[in-house]
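[1] Need a 3D model of the sequence below.
(one chain, ligands or ions: 1)
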Amino acid sequence: MAEEAYTKFLPEAIPAWQMPFWESLRRREVAVQRCSACGTFRYIPKERCPSCHSGECEWTPMTGRGEIYTYTVVRRAPTPAYQAEAPYVLVHVTMDEGFRMSANLRGVAPEDVRIGTRVKLVYEDATPEWTLFGFEPDTGG
Ligand code: ZN
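    Model prediction:
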């Protein structure tokens, strides 16, 4: 079977020091930077801790769970590949670790989305090289 070309956005020009995040997605154990000095999580990746300016960190596995902080319904998408899925929902999620991540919400009709709903991160193998992520309702599984 011929492989269908992936026509949505992929990460570009990611510096090597940020690759552990993307590699953790491929392993299905999402990990983010955690400051070795003060414990603050850093997402999106940063070279220095925004709290104490330490350059030291460990890539720390996280729960992948949180709740919807806010959302938007996309009706006019940026490219035809995305428009094929419109309308779709982008959520801004407060993770249980305290920082926020944004991605598509799967499996919920736009009119049914509610702020505060528990969600979990899900992995999306976009290409053999890149695994992306989205969210879906957290039913405890
Ligand atoms: Zn720190």
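
[2] C-alpha from now on. contacts and neighbour counts both.
    Will do.

[3] Helix or strand next in line after whatever helix or strand Ala81 lives in, which one?
    Secondary structure assignment for Ala81, by DSSP states H and E: helix 80-83. Proceeding C-terminally, helix 80-83 gives way to strand 88-95 as the next helix or strand, assigned by DSSP H and E.

[4] Pull up the pairing partners for that next one, direction included.
    Strand pairing for strand 88-95, determined by DSSP bridges: strand 65-74 (antiparallel), strand 100-105 (antiparallel).

[5] what does that strand rub up against?
    64-75, 100-106, 109-110 (Cα atoms under 8 Å, 6 or more residues apart in numbering).

[6] Tell me the buried residues in the lengthiest helix in the chain?
    Longest helix in the chain by number of residues (criterion: DSSP state H): helix 19-26. For helix 19-26, a neighbour-count test (16 or more other Cα atoms under 10 Å) marks Pro20, Phe21, Trp22, Glu23, Ser24, Leu25, Arg26 as buried.

[7] distance of Ala86 from the ion?
    40 Å (Cα to the ion, to the nearest Å).

[8] What is the burial count for that residue?
    Neighbourhood size, Ala86 [other Cα atoms under 10 Å]: 15.

[9] Grab the nearest non-local neighbour of it.
    Using Cα to Cα, 6 or more residues apart in numbering and skipping residues adjacent in sequence, the residue nearest Ala86 is Arg75, 5.3 Å away.
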